[in-house]
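> Sequence and computational prediction follow.
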Protein chains: 2
Amino acid sequence: MTVVALSGGVGGAKLALGLSRVVPADELLIVANTGDDFEHLGLAISPDIDTVMYTLAGLANPELGWGRHDETWSFMETLAAIGGDTWFRLGDRDLAVHVERTRRLHAGETLSAITEDLCRRLGVAPRVLPMSDDPVRTRVRTDDGWIDFQDYFVHRRCEPVVHELVFHGAETARAHPAFLAALSDPRLTAVVICPSNPFISIDPILALPGVRDALADCAAPVVAVSPIIGGRAVKGPTAKMMGEFGMTPSASAVAQRYGTLIDGFVVDFADMDQVASIGARVTLGQTMMTTLADREALARTVLGAAAVLMNKPRR
Amino acid sequence: MTVVALSGGVGGAKLALGLSRVVPADELLIVANTGDDFEHLGLAISPDIDTVMYTLAGLANPELGWGRHDETWSFMETLAAIGGDTWFRLGDRDLAVHVERTRRLHAGETLSAITEDLCRRLGVAPRVLPMSDDPVRTRVRTDDGWIDFQDYFVHRRCEPVVHELVFHGAETARAHPAFLAALSDPRLTAVVICPSNPFISIDPILALPGVRDALADCAAPVVAVSPIIGGRAVKGPTAKMMGEFGMTPSASAVAQRYGTLIDGFVVDFADMDQVASIGARVTLGQTMMTTLADREALARTVLGAAAVLMNKPRR
């Protein structure tokens, strides 16, 4: 592998798609957060893996930001009619992935092996890897106490104030060996932290034993893309959470929080006023990804930043 | 309860629908075979319960003979695309029932409580009761050895020659208490054995401890409807199995096999030549149920036969 990308859901998947169009498939590893994973209706659901997989397969639903664009909703309609839980919406086609994944997990296959096979069948060329085959579950402390992540994120629509996050199981989960192997590959040219929520999409990956050390020791620069543009998150609760954690929602605050973990930080041209506070490691670019060309251009910007950093002393 | 009906799938469900239109809802108990139940893709599937439930709810698919008429197939299409098992077809709406039932079973609810609630929500007025809340699984001995029922019935399309059937778990399963209570109700006026396959739909019910005794001791006549018309089964492998078991596929052979269990036997006018061999307990009627009126008429014929028998010495 020459490029490793760490990704959460929508924003991360967009950049992963951009990267997949400028990096040869066998040189790109996309590591997806699994802290969002949960069991619902008896099914094993991996929202970030699926968003990345559907996005790379050209199947993602751009309006919803989750699920598939060619979806039907008969299952959900009927589930509502028979009194089932409908707060987490599952399309009929999406459901096939959850049912099949659950069946295969119960049969003893690993999440990574299942993901690899699903990606192959859906025509996804680069490897999409769960950060771990061991379960990690993000939990959120709110005014109502500790709740499961999807309860916070989907059921309560990120409305509760977040006081604290834990990644249950992360201390003992093993980062996927292929992830650690990729980070120690001497041919590595860039580690990309996608513009995902640092607290709920990237931190669970960083919480796995050995990951921070492997990032510090790897041959390539670590370049993050700001999920904040002009003080706002493109999608999701990043800015809201930053406020709740006592931070100013800004690109520079994200850079500061990543601290010495990152070598480079890509911010939007709209955040030119943040350049001074971020410092020498900043790269300006267009980080708002509306079109496919935007995704490709940002991928090139990030890889370019890494190439420049490769020739400088780091950290 | 004044009427108890024992039912398998399609044929039984048709007569159950007829009965539901001529017997007050709170006086009719439909007991469904669960020997066909199985786990598939991690889901608990109860084909006969569902066929009865969908039929009484006006949701059944008359072309397929299983599932719903308002069905969509996105799940199955996608499951095929990702390499899942597709020999047992599950529609998107049907799937909601299986997923929700499985979830509730895993949460500790009984199959009967779940069935009762699903029926209520789908607007089914009479009580549909699984024969037992304990698992009973029909297995089939073929030239290839013992196989699961649905493997024989759906996957291999009833093609293998059947040598033997067992109802795994039946010896220790408890007939549902409400089933036994209904059979001992002094107000009972008829026990109806629907025109279902005797070997795979009715025998599993009869195999439960106490059921044969309760039928022998009950206050009402037991009246069966022949699943064979003119030497052929309306649907399914009844005639084929009879041949494989060394019986002539005929209404009278079915009556003979039920033996002293039944007090009355309803055969189609087409089988008038069987009357002599069946004997005094025979009633002629139109047993082919094409229209809703046919279902109602057959229900009246069966209840009429029971009413006549009620005034005769029995067995």
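Looks like it arrived, so ask away.
> what ranges do the helices span in chain A?
Ranges of helices within chain A are A:10-20, A:47-56, A:74-81, A:92-106, A:111-121, A:149-150, A:177-183, A:203-206, A:211-217, A:238-244, A:251-258, A:275-278, A:292-310, based on DSSP state H.
> now check the fifth one, is it near chain B?
Yes - using Cβ under 8 Å from any Cβ of the partner chain, we find that helix A:111-121 touches chain B at A:117-118, A:121. The C-beta positions use only the backbone N, C-alpha and C, and glycine is treated the same way.
> now the helices of chain A as CSV including mean pLDDT?
Below are the helices of chain A laid out as CSV (pLDDT from 0 to 100):
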stretch, mean pLDDT
helix A:10-20, 97
helix A:47-56, 97
helix A:74-81, 98
helix A:92-106, 98
helix A:111-121, 98
helix A:149-150, 95
helix A:177-183, 98
helix A:203-206, 98
helix A:211-217, 97
helix A:238-244, 96
helix A:251-258, 97
helix A:275-278, 94
helix A:292-310, 97
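> want to try a markdown table for those helices, with distance to residue B:232 and mean neighbour count as columns?
Listed next are the helices of chain A as a markdown table, based on distance: least, Cβ to Cβ, whole Å; neighbours: other Cβ atoms under 10 Å in any protein chain shown:
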| stretch | distance to residue B:232 | mean neighbour count |
| --- | --- | --- |
| helix A:10-20 | 57 | 27 |
| helix A:47-56 | 49 | 26 |
| helix A:74-81 | 35 | 21 |
| helix A:92-106 | 38 | 23 |
| helix A:111-121 | 43 | 19 |
| helix A:149-150 | 54 | 21 |
| helix A:177-183 | 60 | 18 |
| helix A:203-206 | 63 | 24 |
| helix A:211-217 | 68 | 16 |
| helix A:238-244 | 68 | 20 |
| helix A:251-258 | 74 | 21 |
| helix A:275-278 | 82 | 14 |
| helix A:292-310 | 61 | 19 |
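> what about those helices, which gets the closest to residue B:214?
helix A:74-81 (35.7 Å; Cβ to Cβ).
> how about the residues of chain A that lie near chain B?
So chain A meets chain B at A:41-43, A:71-72, A:74-79, A:81-84, A:91-97, A:99-100, A:102-103, A:106, A:117-118, A:121-122 (Cβ under 8 Å from any Cβ).
> mind running it again at 7 Å?
A:41-42, A:72, A:74-75, A:78-79, A:81-84, A:92-93, A:95-97, A:99-100, A:102-103, A:106, A:118, A:121-122 (Cβ under 7 Å from any Cβ of the partner chain).
> Now do the phi/psi pair for the closest residue to residue A:91 other than its chain neighbours.
Spatially, and ignoring its direct neighbours in sequence, residue A:91 is nearest to residue A:71 (3.6 Å; Cβ to Cβ, 6 or more residues apart in numbering or on different chains). Reported as degrees, to the nearest 10, the phi and psi values for residue A:71 are phi -90, psi 150.
> Am I right that residue A:71 is in contact with residue A:93?
Yes - under the criterion of Cβ atoms under 7 Å, residue A:71 is in contact with residue A:93, at a separation of 5.5 Å.
> returning to what we had before: what number of residues lie near the residue nearest to residue A:91?
Residue A:71: 19 surrounding residues under other Cβ atoms under 10 Å in any protein chain shown.
> what's the spacing between the spatially closest residue to residue A:137 that is not a sequence neighbour and chain B?
Using Cβ to Cβ, 6+ apart and skipping the chain neighbours, the partner closest in space to residue A:137 is residue A:168 (4.4 Å). Residue A:168 sits 21 Å away from chain B, going by Cβ to the nearest Cβ, to the nearest Å.
> Then residue A:110?
16 Å.
> need the contact list for the spatially closest residue to that residue that is not a sequence neighbour.
The shortest distance from residue A:110 to any residue other than its chain neighbours is 4.4 Å, reached at residue A:133 (Cβ to Cβ, 6+ apart). By Cβ atoms under 7 Å, 6 or more residues apart in numbering or on different chains, the residues touching residue A:133 are A:110-112, A:176.
> let's see it at 8 Å
For residue A:133, the contact set (Cβ atoms under 8 Å, 6 or more residues apart in numbering or on different chains) comprises A:110-112, A:174, A:176.
> from these, which two are the most distant?
A:111 and A:174 (12.2 Å).
> Save the helices of chain A as TSV, and put in distance to residue B:203 too.
Below are the helices of chain A laid out as TSV (distance: least, Cβ to Cβ, whole Å):
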stretch	distance to residue B:203
helix A:10-20	54
helix A:47-56	45
helix A:74-81	32
helix A:92-106	31
helix A:111-121	40
helix A:149-150	46
helix A:177-183	53
helix A:203-206	54
helix A:211-217	60
helix A:238-244	62
helix A:251-258	68
helix A:275-278	77
helix A:292-310	62
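> Which of these sits closest to residue A:143?
So among those, helix A:238-244 is nearest, using Cβ to Cβ, at 10.8 Å.
> what does the closest one rub up against?
A:158, A:161-163, A:197-200, A:227-228, A:231-233, A:248-249, A:253-254.
> what's the offset of that helix from the middle of its chain?
Averaged C-alpha coordinates place helix A:238-244 at 17 Å from its chain's average position (Cα atoms, centre = their mean, to the nearest Å).
> where's the residue nearest to residue A:110 relative to chain B, distance?
Residue A:133 is 19 Å from chain B, by Cβ to the nearest Cβ.
> What about the closest residue to residue A:11 other than its chain neighbours? Give its phi and psi, please.
Nearest in space to residue A:11, with sequence neighbours left out and distances taken as Cβ to Cβ, 6+ apart, is residue A:195 at 4.3 Å. The phi/psi pair for residue A:195 (degrees, to the nearest 10) reads phi -70, psi 60.
> before we move on, back to that, nearest to residue B:205, out of the helices of chain A?
Of all these, helix A:74-81 sits nearest to residue B:205, with 28.5 Å by Cβ to Cβ.
> got the angle for the closest one vs helix B:111-121?
90 degrees (axes from the mean of the first three to the mean of the last three Cα atoms, to 10 degrees).
> so how far is helix A:74-81 off the chain centroid?
Computed by Cα atoms, centre = their mean, the chain-centroid distance of helix A:74-81 equals 30 Å.
> re earlier: so how do I select the buried members of the contacts of helix A:238-244 in ChimeraX?
Typed into ChimeraX, the line below selects the buried ones among these, using 16 or more other Cβ atoms under 10 Å in any protein chain shown:
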select /A:162,197,198,199,200,227,228,233,249,253,254
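> What's the nearest residue in the stretch 201-315 of chain A when you look at chain B?
Of all residues in the stretch 201-315 of chain A, residue A:292 sits closest to chain B, at 23.4 Å by Cβ to the nearest Cβ.
> Would you check how far apart that residue and residue A:14 are?
9 Å (Cβ to Cβ, to the nearest Å).
> and what of residue A:286?
12 Å.
> Report the contact partners of the nearest residue to residue A:131 once chain neighbours are set aside.
With sequence-adjacent residues excluded and distances taken as Cβ to Cβ, 6+ apart, residue A:131 is closest to residue A:205, at 4.7 Å. Residues counted as contacts of residue A:205 (Cβ under 8 Å, 6+ apart) are A:6, A:31, A:33, A:131, A:175, A:211.
> tell me which of the residues you listed is nearest to residue B:296?
residue A:33 (59.1 Å).
> thought the residue nearest to residue A:137 was touching residue A:139?
Yes - between residue A:168 and residue A:139 there is a contact at 5.5 Å, judged by Cβ atoms under 8 Å.
> Now do the residue nearest to residue A:160 when sequence neighbours are not counted, the pLDDT please.
Among residues not flanking residue A:160 along the chain, residue A:142 sits closest, at 3.6 Å (Cβ to Cβ, 6+ apart). Listed pLDDT for residue A:142 reads 96.
> Having no further points to raise, I will conclude here.
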